[in-house]
Structure formats: structure tokens, C-alpha cells
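Chemist: Here is a sequence together with a model predicted from it:
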Amino acid sequence: LLGPAAPALPPRAAGVRARLCAQTGGGGGAAAVAPLPRIRVDAAGSGFVDDAGRRFVPCGVSYYRPGTGWAPQLWKQFDAAATRADFQRMKRMGLNVVRVFVTFGSFCTQPGQLDPAGLAAFDRMLDLAEEAGLYLHPTGPDHWEGMPAWINGLGDVRTDLADEAGLKVLEDFWRMFAGRYRGRRTIWAYDLRNEPAVAWDTPAARVQWESWRTAHQQPVVPVPDQRAAPSALLADYQRFRESLAEAWVARQARALRAADPEALVTVGLLQWSVPAQAMPVHQYTGFRPEVIARHLDFLELHYYPLAQGVYRYESQAAEDANLAVLESMARECAKPGKPLVIAEFGWYGGGSLQPGGRPADEEQQARWCRRLVEVTAPMACGWINWGLYDTPDAKDVSRHTGLITGAGVDKAWGRIFAPLVRALPPGHALPARPDLPWERCTIDGEAMTRFQAEYLLAFQKRSPSPPADDSNPVRGQPANAAEKPQ
């Protein structure tokens with residue numbers, strides 16, 4: 001499957017692989033299909049091209065199947081036949097990237113090795129993706145399918161990013177995983193982790209904080225209270241948190257590239273990685289784009305409309321407020337001069353967020369998502385929707401963010417997503433807007449609020465919104481239904 005240098009599957013995995021292949025009528029799918037061209041960053045550093053120099057615009061979904069629980073059990077309940085059907089459908093819809101979450105519970109069940117059953121499922125998924133002409137985008141190990149006891153014994157590997165034992169686990173994982181799939185072109189890029197954040201105060205961080213202060217010839221002091229007033233000490237602590245985030249990214253990226261020098265590496269940034277809207281200062285993740293960009297091939301931003309509480313399609317003003325925050329965050333992520341992908345986005349349509357909540361129809365979802373793509377298009381070069389399917393058993397907005405209903409019917413957004421992205425011209429330009437006073441905003445919630453208001457004024461002045469009854473979900477294409485927010 002992976003060439004002469006790839007390790008053979010152990011007996012347990014070979015048996016699992018055989019069963020997975022039997023579900024789809026054989027295991028030779030990938031051998032009969034021409035390999036996909038490798039994707040790389042273009043010479044300008046603003047997008048992606050394939051081996052022949054053709055422009056590649058990532059357009060895809062985060063993939064999990066409804067009916068597998070919440071959080072989804074993608075690998076523990078892997079269904080090869082259903083995955084094949086989904087992948088073929090994605091291809092017909094015009095998609096080209098499938099983001100999948102690798103989990104500790106299916107791939108890291110024992111220390112120092114990768115789980116054979118998890119690898120067998122991933123191998124089969126790679127075959128099916130290549131057969132369909134899709135690229136996989138694996139996201140580094142997380143907790144969706146549970147945390148093995150041996151990892152829990154190390155402490156909180158997920159949030160204590162300063163912990164040396166936890167970081168070594170991640171380095172080892174990437175050496176083994178990327179090494180196994182070295183040269184496999186069906187993997188577009190690796191995402192180190194979904195939405196990492198540096199915890200405010202942990203035992204490991206306290207030790208390194210003392211070393212940080214000493215190295216900077218400053219007196220050793222306790223970790224500042226996260227509710228403290230803005231101060232030089234608080235600013236220093238935020239820079240320290242950024243240094244922890246950088247080390248966490250740099251070490252994993254080095255380990256991964258040592259295993260596969262041609263692999264593209266990124267990390268999926270939570271929107272709180274850019275302090276461009278009001279939030280408590282400890283909510284800032286520490287993953288400052290301009291600091292971590294040097295270790296990555298491109299940046300990824302995740303965004304959901306929460307600028308004035310949960311967005312409920314209540315008014316044009318609410319839409320503008322959320323789009324302005326989005327643009328300001330994308331602008332900061334694009335500043336380092338590397339490609340930017342909006343790697344997680346979406347909003348509900350076809351129901352309500354919770355019983356008794358404000359419902360939204362599919363056309364409202366399609367309008368919001370279309371506007372998100374259009375507003376970020378000058379800076380971004382790829383988009384990945386949150387979910388292929390609506391997922392009724394989800395505990396969050398995932399209930400109604402899909403391109404397809406839980407019953408398998410195409411939604412309004414699913415019909416226009418890929419055509420919209422294909423119609424976008426190439427380009428990379430930062431809008432002329434206010435620059436984020438980064439240092440101040442990481443320590444002062446009021447500064448965030450002032451910047452958010454200032455940016456909104458500039459956004460509304462220079463980017464007038466389409467009329468509320470605009471019925472063109474794809475530029476230049478007719479639409480079947482009006483998209484008037486209610």
C-alpha cells in the first residue's frame with residue numbers, strides 16, 4: 001500500500017484490514033487508481049498548486065458520520081462502505097479535501113506504538129479517498145474517542161502544553177504516524193491539533209515561568225491573576241504563554257518533518273487566538289499567528305459568529321458585526337505572508353440550536369456561509385465547512401451545520417459551496433483596515449472592545465453588505481430562494 005519503505009501491517013491489523021476491505025468488495029481500490037498529484041505551497045506563498053503548477057483551492061468538510069455518538073466515534077465505528085459512498089458524493093459535489101480527527105483512543109492505546117486497528121482503518125480511508133480523488137487532512141490526536149489510561153497517567157496532555165512528558169508523546173506520535181505515511185500524496189497536510197490553547201496556570205507552566213523571568217533578568221514572581229488589571233507583568237505573562245505555544249508547535253513540526261520532509265504542516269487556530277473581540281484575557285489562547293507562522297507551511301483559522309453573543313440571524317447589523325470580527329481575525333492570520341485556510345466554519349440552518357430556540361432555514365445558513373467566504377476571499381485560499389451531514393445527536397451547533405441533512409438530502413449551502421469557491425479569482429491582499437493593537441488587547445478587555453467597534457465602522461464604510469433580499473448565493477448565478485435574515 002505505502003511502498004517498499006512502509007512498515008508491514010502486524011497480524012491484528014491485517015485481519016482488521018481484510019474485514020474493512022470486505023465491506024467494500026475488495027482491498028485493491030487504491031492500486032487501480034492513479035496517485036493524486038502532490039500539493040505544495042505556491043512560489044508566491046499565497047496559495048497552493050499541484051505538481052503541474054495548477055492552482056489548488058482546498059474546499060471540503062470536517063468528516064464524521066451521524067449515528068456514531070457524540071463526540072463521533074469515527075474510527076471505533078468505521079464503516080468502509082458508508083465512507084466510500086460519502087466520499088463519492090463529496091466528489092460529485094465538487095469538494096476536494098476531507099478533514100478527519102485522529103484520536104488517542106483509536107491510535108495511541110499503548111505507549112510507544114500506534115494501534116494496529118486504528119492504522120488499518122486509516123489505511124482503508126486513504127484508499128477510499130484516493131479512489132474518489134479526494135485529499136485527507138488529518139488533525140492530530142485528541143479526545144473524541146476517549147483517553148487511554150496510560151496517557152491520563154501523564155496528566156492533562158490536552159491542555160497542559162508546557163508539560164514535557166505530554167509533548168514527547170506528541171513528538172513520538174508524529175514520528176511514527178508521518179513516517180508510516182511518508183510520501184503518500186493523498187494526505188494534503190497535517191494539522192497538529194484542533195484548537196489548542198495554553199492553559200493559564202499549570203504546575204509545568206509555573207516552573208517555566210520562573211525560568212522565563214530569570215532569563216529575562218526579571219524578579220521571579222507568582223503567575224498573575226487572570227482577572228488582574230492591565231500591567232507590564234500581565235503583558236510579560238502573555239508573551240510567556242506565546243513562547244509556550246511556539247515551542248509546542250515548533251517541536252511537533254520538527255518531529256513531523258523529520259519523518260516526512262515534504263509534508264505540509266499547520267495548526268487549526270481557535271478564533272480566540274486573535275484578541276479582536278471582547279473576551280477575558282485568559283481566554284486568549286497564546287497561539288499568536290505571527291509567532292508560530294515561521295514553523296508552519298500555512299495558517300488555519302476557525303470561526304463561528306459570536307461577536308455579540310450567539311448569532312441568530314436577527315438583523316443586518318448583527319451579520320455585519322460578526323463579519324467584521326471575522327475579517328479582522330483573518331487579516332491578522334494573513335499578515336505573516338503565508339497561505340490562510342478558513343479550516344472550520346459554518347452556522348445552523350434547517351432548525352434551531354436548542355428546543356425552543358430561534359430556528360433558521362437553509363437559505364439563512366447559505367447566506368451566512370456565502371458571506372463568510374466572500375469576506376475572507378481576499379486573504380484566504382481555502383475553506384473547510386464544519387460537517388458533511390447535519391448531526392441530530394450533536395450537543396452543539398453541529399446539529400444543523402452540514403451540507404447535507406441527516407436524512408441525506410442536499411441543503412442550500414451544500415448546493416452552492418463548491419461552485420462559489422471555484423468561481424473565486426486568485427488574489428492575496430489585506431483590506432485597508434485598522435491594525436490590531438496586539439499587545440494591549442492581550443491584557444485589556446476594554447481595548448478589545450474599542451478595537452472591535454473601530455474595526456466595525458471601517459468595515460461598514462468600505463464593505464457595504466448586499467441587500468437583505470439578495471438572492472444570488474453564487475456570484476453571477478441565479479438562486480432559487482431569497483436569503484433575507486429574519
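Modeler: Sure, I can see it. Numbers count the residues shown, from 1 in each chain.

Chemist: For stretch 62-82, which residues meet the burial criterion?
Modeler: For stretch 62-82, burial by neighbour count (16 or more other Cβ atoms under 10 Å) applies to 62-66, 68-76, 78-80. All C-beta atoms are positioned from the backbone trio N, CA, C, and that covers glycine.

Chemist: Same check on stretch 83-96?
Modeler: Applying a neighbour-count criterion of 16+ other Cβ under 10 Å, one finds 83, 84, 86, 87, 89, 90, 93, 95, 96 buried in stretch 83-96.

Chemist: In terms of distance to residue 163, which of those residues ranks first?
Modeler: Nearest to residue 163 among those, counting by Cβ to Cβ, is residue 83 at 34.8 Å.

Chemist: The closest one - nearest residue in space that isn't next to it in sequence?
Modeler: Using Cβ to Cβ, 6 or more residues apart in numbering and skipping residues adjacent in sequence, the residue nearest residue 83 is residue 128, 5.5 Å away.

Chemist: A helix includes that neighbour, no?
Modeler: Yes. Judged by DSSP: H, G, I helix; E, B strand; the rest coil, residue 128 forms part of a helix.

Chemist: Tell me how many other residues crowd it.
Modeler: When neighbours are counted by other Cβ atoms under 10 Å, residue 128 registers 25.

Chemist: pLDDT at it, what is it?
Modeler: Note for residue 128: predicted pLDDT of 98.

Chemist: my read: it touches residue 80, true?
Modeler: Yes. Counting by Cβ atoms under 8 Å, residue 80 is a contact partner of residue 128 at 6.8 Å.

Chemist: Correct me if wrong: residue 331 contacts residue 380.
Modeler: No. Under the criterion of Cβ under 8 Å, residue 331 is not in contact with residue 380, lying 10.3 Å apart.

Chemist: who has more neighbours, the two?
Modeler: Shown here are residue 331 and residue 380; by other Cβ under 10 Å, residue 380 has more neighbours (26 against 22).

Chemist: check which helix or strand covers that one.
Modeler: Using DSSP states H and E, residue 380 sits in no helix or strand.

Chemist: quick one: it from residue 283, how far?
Modeler: Relative to residue 283, residue 380 is positioned 24 Å away (Cβ to Cβ, to the nearest Å).

Chemist: Then residue 111?
Modeler: Using Cβ to Cβ, residue 111 is found at 33 Å from residue 283.

Chemist: Give me the neighbour count for residue 279.
Modeler: Residue 279 has 16 nearby residues by other Cβ under 10 Å.

Chemist: List the contacts of the residue lying closest to it once chain neighbours are set aside.
Modeler: Among residues not flanking residue 279 along the chain, residue 272 sits closest, at 6.1 Å (Cβ to Cβ, 6+ apart). For residue 272, the contacting residues are 197, 279, 283, 284, 285, by Cβ atoms under 8 Å, 6 or more residues apart in numbering.
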